[in-house]
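Participant: Sharing a sequence plus its predicted fold:
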Number of protein chains: 2
Amino acid sequence: MLNDFSERWLPVLEAEMRTVLAGGEAATAVHYGMMHYHMGWVDAALQPVNLPAGKRLRPLLCLMACEAVGGDAAQAVPAAAALEILHNFSLVHDDIEDGDETRRHRPTVWKVWGAPQAINVGDAMFALAFAAMQRLPMRGVTADITLAALRIFTEMCVALTEGQHLDMSFEQSDRVTVDEYLRMIQGKTAALIGASVAIGGLIGGAAPGVDEALRRFGQSIGLAFQIQDDMLGIWGDPAVTGKAAGNDILRRKKSLPMLHALSNSVTGARFADLLNRPGFGEADLPEALQLLAAAGSQEFATAQMNAFYAAGLDALRQALGDRAESSLLWATAQWLMQRNT
Amino acid sequence: MLNDFSERWLPVLEAEMRTVLAGGEAATAVHYGMMHYHMGWVDAALQPVNLPAGKRLRPLLCLMACEAVGGDAAQAVPAAAALEILHNFSLVHDDIEDGDETRRHRPTVWKVWGAPQAINVGDAMFALAFAAMQRLPMRGVTADITLAALRIFTEMCVALTEGQHLDMSFEQSDRVTVDEYLRMIQGKTAALIGASVAIGGLIGGAAPGVDEALRRFGQSIGLAFQIQDDMLGIWGDPAVTGKAAGNDILRRKKSLPMLHALSNSVTGARFADLLNRPGFGEADLPEALQLLAAAGSQEFATAQMNAFYAAGLDALRQALGDRAESSLLWATAQWLMQRNT
């Protein structure tokens, strides 16, 4: 059912994004070419390639939400394209800010063309995401609903920068609490997923309050999804995650389980000492995992994840009533939570 | 008359921008503090300071255009704030892209807080500029006009990134034509001034076609203004410009007169050799100025500037008819062109 939906809508979404990001003038061909490279449509010589696309989770959630409230998903396609372009803008800038040199097994935009051009390309994608939103009236969406959708979209963009600000600030900080961490992923991960579902619902004609419940569904699922990701980074099966075992421990990543273990009144100081020990590496993984276990950090993270997941499903029931459990949104939430099994 | 208008509207504009950029949460105080620093409201320790504000040219043109077509400038205040915030976003990112360490005699945002945070702060201001635009309905602007204004605003944002792309590309290029240069400043400088005037007119209730004529006025004046700036960088009086004589020659800046002299079939190659000579510096200024004179580059740039200025005034006459010459927009265009006298 999820596959049918993806197969039907992904080509429509891809075509919409290609239209919005088309460019045209010879003078700016490289400017748009960099965007096409990031989207996976061309190689670094700007020649067409056939790469597997990203999972396009956010735009698909938007289209599903539109259908879930009885709307025509075709009307939400410009918003779905906008959400995916916006997501990709944020990846281009995050890669510069984090100094990441590869993404999906290819050099990042800044690595190929330099940070100055990459900053500017991100800005262009940011602007073009707004241009995509403004194509909603072409699909018969009223001016009022378009503006309401733009308001959610813009608030989400601001939240995204707040989350990214906190994420970068945490790297410089010795003491980050679990609450601060949740506030950060709320902005950095959950806001965009929440906005995707809310905007889809709004365009589909959701009754007042329903779009807000849909937003809470998306946000909660987004939080659960991020915490799951945090756990996979520590306890995930390398064969499944594609990353080395204990990867996030070795990177000293301030993810939820790590922060929880660091804040433990009995073993937290020992865990911090271990992570800061000169030469800390793979040989120290067993001890690190023991301290995480002593603090009960996996149980804590699992409980948090489950609580957000349950809150998300509750919000979906509020939004859709009896139709919640048979909806594609419900199925997608379930599917997301089963990544590690 | 211009002063009366500025004195009346600058405090209103400033208040609107402070509302939009307020933030609020303790966790993100530094994120918003960096924006306040860039706007000149606080120092690097985020303590309030009283600095002279920028000239706020673009928002004032927006408000003047609104009044010029018979509208109430108060309705255009959110758009005016959006235009100034957007302009400042572009400065934050340009400073990173160009590696500029000071702006208005203070360290740039990236110089104080590092490029990663500065990129993200620029993104936040970009998003908040859109948030400012979306406050138009609070002032009684209809949803349709708000969307039309957003469309002009978004197209201008895209044009800005295209201009910046070309500007950065030219630095890597040996051969830039005058036409390519004009295309670049069209995006980098003129598009924002054109959009400012067009959006003000639209909100003021301009008849169909009038907002487009206003946009052409703003764009042409923007081009003339940039070319004037180019000339001041070479022949300007240091006492007036605050820059050393021949500053842009020493920086080998690819401005209009420089490109014109480089493209001269008789003396262009000698000019290029001079600029590329090892140890090229102040002692070479007289020879450089001679070659610019031999190519007639000052006359060429003056003629281009005057042509754009005249085209701008023509467009304003088309937009406003008999009221053009007595309008504040006309007076502002005249004032801008008299900077060097």
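Facilitator: Yes, it's here. Bear in mind the structure is a predicted one, so any value in this text is a computation, not a measurement.

Participant: which residues of the stretch 1-150 of chain A fall in helices?
Facilitator: Listed from the start of the chain, the stretch 1-150 of chain A has helices (DSSP state H, counting those that start in this stretch) covering A:2-20, A:29-39, A:57-68, A:77-98, A:109-113, A:115-133, A:143-171.

Participant: and the fifth one, what does it pack onto?
Facilitator: Counting contacts by 3 or more CB pairs under 8 Å, 6 or more residues apart in numbering or on different chains; DSSP states H and E, the secondary-structure elements packed against helix A:109-113 are helix A:29-39, helix A:77-98, helix A:115-133. Quick note: C-beta positions are derived from backbone N, CA and C, even for glycine.

Participant: could you say what helices and strands the shortest one packs with?
Facilitator: When contacts are defined as 3+ CB pairs under 8 Å, 6+ apart, helix A:29-39 sits against helix A:77-98, helix A:109-113, helix A:115-133, helix B:143-171.

Participant: could you dump those to TSV with mean pLDDT?
Facilitator: Supplementary listing: the helices and strands packed on helix A:29-39 in TSV, determined by pLDDT from 0 to 100:
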stretch	mean pLDDT
helix A:77-98	97
helix A:109-113	98
helix A:115-133	98
helix B:143-171	97
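
Participant: So which of those is nearest residue B:211?
Facilitator: For residue B:211, the closest of those is helix B:143-171, at 7.9 Å, according to CB to CB.

Participant: Remind me what the closest one packs against, helices and strands.
Facilitator: Identification of packing neighbours for helix B:143-171 by 3+ CB pairs under 8 Å, 6+ apart yields helix A:29-39, helix A:115-133, helix A:143-171, helix B:73-98, helix B:115-133, helix B:178-185, helix B:191-203.

Participant: Out of those helices, which is the most enclosed?
Facilitator: Mean neighbour count, computed with mean count of other CB atoms under 10 Å in any protein chain shown, is highest for helix B:191-203 among the helices and strands packed on helix B:143-171, reaching a mean of 30.

Participant: just checking, what packs against that one?
Facilitator: Helix B:191-203 is packed against helix B:57-68, helix B:73-98, helix B:143-171, helix B:210-235, with contacts defined by 3+ CB pairs under 8 Å, 6+ apart.

Participant: tell me the angle of it relative to helix B:115-133?
Facilitator: 20 degrees (axes from the mean of the first three to the mean of the last three CA atoms, to 10 degrees).

Participant: mind showing which ranges of chain A have poor pLDDT?
Facilitator: Within chain A, the set of residues satisfying pLDDT under 70 comprises A:340-341.

Participant: can you rerun that using 90?
Facilitator: Applying pLDDT under 90 to chain A picks out residues A:1-3, A:24, A:50-55, A:104, A:171-175, A:208, A:236-248, A:251, A:338-341.

Participant: hang on, the earlier thing: among the helices and strands packed on helix A:29-39, which comes closest to residue B:99?
Facilitator: helix A:115-133 (8.3 Å).

Participant: who does the closest one touch, helix- and strand-wise?
Facilitator: Contacts defined by 3+ CB pairs under 8 Å, 6+ apart place helix A:115-133 against helix A:2-20, helix A:29-39, helix A:77-98, helix A:109-113, helix A:143-171, helix B:73-98, helix B:115-133, helix B:143-171.

Participant: Same list, the ones you listed, but as a markdown table with distance to residue B:276 please.
Facilitator: Compiled in a markdown table, the helices and strands packed on helix A:115-133 are given as follows (distance: least, CB to CB, whole Å):
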| stretch | distance to residue B:276 |
| --- | --- |
| helix A:2-20 | 42 |
| helix A:29-39 | 25 |
| helix A:77-98 | 32 |
| helix A:109-113 | 25 |
| helix A:143-171 | 41 |
| helix B:73-98 | 21 |
| helix B:115-133 | 30 |
| helix B:143-171 | 14 |
